[in-house]
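Visitor: okay, predicted coordinates and the sequence, questions at the end:
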Amino acid sequence: MAHEEEREERGVKARELERREILKAGTAYRMAKAGLIPCRRVGAKSGGVEFNPAEVIAALKGLAATKIAGTPKDAA
C-alpha cells in the first residue's frame, strides 16, 4: 500500500490513468498538451509525461464545474 502511495507522488503514465478509468490515455496527452490537466515532463530529453492521479481528478472536477457554471440556463 505504501508503495502505491509513493508511486502516485512520483506520477503515473497515461496508460495507468486509463487503467484506473480516470481518463483515456490519448485524451490525457491531448489535455496535458493543451494545459487543461497538470503533468510533469520526465526523461533525459523530457520526452515522457507523468501525471499525479489526484491532481488530474481535481483538474477534471474544476473543468466540469466551470463548464456547468458557464452554461446559460435557457440553453437547450
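Guide: That came through, no problem. Residues are numbered from 1 along each chain as shown.

Visitor: tell me the mean pLDDT over stretch 20-32?
Guide: Over the span of stretch 20-32, the pLDDT mean works out to 96.

Visitor: send me it as PDB with only the CA atoms.
Guide: As requested, C-alpha coordinates have been extracted for stretch 20-32 and formatted as PDB (Å, rounded to 0.1, in the frame of the first residue of the first chain):
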ATOM      1  CA  ARG A  20      -7.900   3.300 -13.300                       C
ATOM      2  CA  GLU A  21     -10.700   4.600 -15.500                       C
ATOM      3  CA  ILE A  22      -9.800   8.200 -14.800                       C
ATOM      4  CA  LEU A  23      -9.200   9.300 -18.400                       C
ATOM      5  CA  LYS A  24      -8.200   7.600 -21.700                       C
ATOM      6  CA  ALA A  25      -4.500   7.800 -22.400                       C
ATOM      7  CA  GLY A  26      -4.800   9.700 -25.700                       C
ATOM      8  CA  THR A  27      -7.200  12.200 -24.100                       C
ATOM      9  CA  ALA A  28      -4.800  12.700 -21.200                       C
ATOM     10  CA  TYR A  29      -1.900  13.500 -23.600                       C
ATOM     11  CA  ARG A  30      -4.100  16.000 -25.500                       C
ATOM     12  CA  MET A  31      -5.500  17.700 -22.400                       C
ATOM     13  CA  ALA A  32      -1.900  17.900 -20.900                       C
END
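
Visitor: begin at 29, not 1, for the rest of this chat.
Guide: I'll keep to 29 as the first residue from here, and by that count the last item is stretch 48-60.

Visitor: got the contact list for the nearest residue in space to Lys52 that is not next to it in sequence?
Guide: Nearest non-adjacent residue to Lys52, counting by Cβ to Cβ, 6 or more residues apart in numbering: Glu46, 5.3 Å away. Every C-beta, even on glycine, is put in place using the N, C-alpha and C of the backbone. The neighbourhood of Glu46, defined by Cβ atoms under 8 Å, 6 or more residues apart in numbering, consists of 52-53, 56.
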